[in-house]
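>>> Turn this into a structure:
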Amino acid sequence: MPVKRRFGKTGMQVTALGFGGAEIGFNQVEQAAANRILNTALDAGLNIIDTAECYKESETLIGNAVGHRRDSYFLFTKMGHGKAAGLDYPDWSPELLKQSFHRSLQRLKTDCVDLLQLHTCELADLEKGEVIRILEDFKAQGKTRFIGYSGDNAAASRAVSSGLFDALQISVNIADQSAIPIIAAAQKADMGVIAKRPLANAAWITGQKPANSYAHGYWDRLQKLQYDFLSRPPSASTAHALRFTLSVPGVCTAIVGTANPARWQENLNTLTAGALAEAEFNSICNRWQSVAPANWAGLS
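Below you'll find the predicted structure:
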């Protein structure tokens with residue numbers, strides 16, 4: 001069975017690897033394929049599924065595939081960008097948040113999620129407090145067990161220092177280490193921490209700049225970081241990168257998306273190796289500190 005970690009003050013025991021729902025949504029995976037991917041993941045023992053209302057049809061695919069297995073996993077979703085998902089309200093308006101979350105519950109075929117997160121809410125909106133109160137209302141109504149913030153940089157720091165959230169989802173990986181002090185603060189506050197983009201989108205794998213512009217920021221950084229281990233075969237280099245992210249103190253779980261059911265066993269095999277040796281972990285951190293300029297902030 002996969003390794004499990006305590007998810008901060010929530011007390012949930014979560015697997016160190018979770019399923020990220022963005023890829024199946026944005027890649028418009030067919031329902032039959034989503035069924036295989038998600039059920040394979042659950043059968044392998046993974047117990048986190050993380051998605052968002054703006055990941056196109058991701059929530060619908062997940063609800064159809066594993067809604068009948070709701071007791072087998074912790075379900076995390078995010079809200080705030082319902083306009084991108086076709087709801088005609090301004091981002092962060094109370095009307096949008098309420099309608100989009102009710103729609104999420106319907107699509108996910110459940111009456112309660114385990115974690116409801118604000119999705120890259122900007123600092124100014126976060127500080128107004130209204131968006132947080134809406135999450136707290138949903139928690140009081142029993143529609144979510146816990147509330148969290150998903151985002152980076154100053155807004156993530158503010159979410160941690162507010163003391164109002166149970167969890168933080170933040171970008172951290174070999175090419176994105178500015179979050180490590182924020183994660184340390186979250187760990188001190190006993191928050192559950194989810195690592196997003198834990199493989200830096202595997203931007204180095206082909207040896208060429210990825211076609212997907214979403215990975216370009218990490219590709220550019222890795223050209224300067226020049227980690228020696230990235231010259232290893234893809235399976236070995238990705239394993240090393242994932243083990244780095246899961247070795248960051250305070251990280252409870254790493255969310256990885258895939259359209260390939262076989263990839264789950266590869267990732268699970270990676271986890272059996274455990275954390276990186278201290279010297280290996282420090283080598284990656286030291287390289288970052290010697291190369292990364294001050295403007296290398298967290299990439300959302």
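>>> Return the residues in contact with the nearest residue to Lys98 once chain neighbours are set aside.
Once flanking residues are discounted, Lys98 sits nearest to Ile134: 7.1 Å by CB to CB, 6 or more residues apart in numbering. C-beta coordinates here come from the backbone N, C-alpha and C atoms, glycine included. By CB atoms under 8 Å, 6 or more residues apart in numbering, the contact set of Ile134 is Pro94, Leu97, Lys98.
>>> quick check, Val49 in a strand?
Let me fix one detail, which is that residue 49 is Ile and not Val. Yes: assessed by DSSP: H, G, I helix; E, B strand; the rest coil, Ile49 belongs to a strand.
>>> what sits against the most centrally placed residue in the chain?
Geometric centre of the chain, nearest residue: Lys196, 3.3 Å, by CA atoms, centre = their mean. With contacts defined as CB under 8 Å, 6+ apart, Lys196 is in contact with Gly20, Ser150, Gln169, Ile170, Ser171, Val172, Ile255.
>>> just checking, which of these belong to helices?
Of the contacts of Lys196, none are assigned to helices by DSSP state H.
>>> Just name the closest of these to Cys54, please.
Nearest to Cys54 among those is Ser150, at 11.5 Å by CB to CB.
>>> wait, that closest one sits on Leu126?
No: using CB atoms under 8 Å, Ser150 is not in contact with Leu126, being 11.6 Å away.
>>> Show the buried residues in the contacts of Ile134.
Among the contacts of Ile134, those classed as buried by 16 or more other CB atoms under 10 Å are Leu97, Lys98.
>>> Can you classify Trp219 by secondary structure?
Three-state call for Trp219 (three-state DSSP): helix.
>>> Among the contacts of Ile134, name the ones in helices.
Short answer: those in helices (DSSP H) are Pro94, Leu97, Lys98.
>>> Make a markdown table from those and add distance to Val29 to it.
Shown next, in a markdown table, are those (distance: CB to CB, whole Å):
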| residue | distance to Val29 |
| --- | --- |
| Pro94 | 32 |
| Leu97 | 27 |
| Lys98 | 29 |
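>>> List the buried residues for the helix or strand harbouring Arg5?
Using DSSP states H and E, Arg5 falls within strand 4-6. In terms of neighbour count (16+ other CB under 10 Å), strand 4-6 has its buried residues at Arg5.
>>> For the lowest-mean-pLDDT helix or strand in the chain, which residues meet the burial criterion?
The helix or strand of the chain with the poorest confidence is helix 262-271; it has a mean of 75 (mean pLDDT, DSSP states H and E). Within helix 262-271, the residues scored as buried using 16+ other CB under 10 Å are Arg263, Trp264, Asn267, Leu268, Thr270, Leu271.
>>> mind putting those in JSON lines, distance to Asp71 included?
As requested, the buried residues of helix 262-271 are exported to JSON lines (distance: CB to CB, whole Å):
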{"residue": "Arg263", "distance to Asp71": "25"}
{"residue": "Trp264", "distance to Asp71": "20"}
{"residue": "Asn267", "distance to Asp71": "23"}
{"residue": "Leu268", "distance to Asp71": "21"}
{"residue": "Thr270", "distance to Asp71": "27"}
{"residue": "Leu271", "distance to Asp71": "23"}
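>>> one step back: can you give the distance of the strand holding Arg5 from its chain's centre?
Chain-centre distance of strand 4-6: 16 Å, with CA atoms, centre = their mean, to the nearest Å.
>>> Show me what that strand is packed up against.
Secondary-structure packing of strand 4-6 (3 or more CB pairs under 8 Å, 6 or more residues apart in numbering; DSSP states H and E): strand 13-15.
>>> For the strand it packs on, which strands pair with it and how are they oriented?
Here strand 13-15 is paired, per DSSP bridges, with strand 4-6 (antiparallel).
>>> Average pLDDT for the strand it pairs with, rounded please.
For strand 4-6, mean pLDDT rounds to 94.
>>> For that strand, which outside residues touch it?
Under CB under 8 Å, 6+ apart, the answer for strand 4-6 is Met12, Gln13, Val14, Thr15, Ala16, Asn47, Cys252, Thr253.
>>> Give me the buried entries from these.
Buried members of the contacts of strand 4-6, counted by 16+ other CB under 10 Å: Met12, Val14, Thr15, Ala16, Asn47, Cys252, Thr253.
>>> For Tyr55, give its distance to Phe7.
Computed as CB to CB, to the nearest Å, the Tyr55 to Phe7 distance reads 22 Å.
>>> ok, the closest residue to Val256 other than its chain neighbours to Val193 distance?
Once flanking residues are discounted, Val256 sits nearest to Gly20: 5.7 Å by CB to CB, 6+ apart. According to CB to CB, Gly20 and Val193 sit 15 Å apart.
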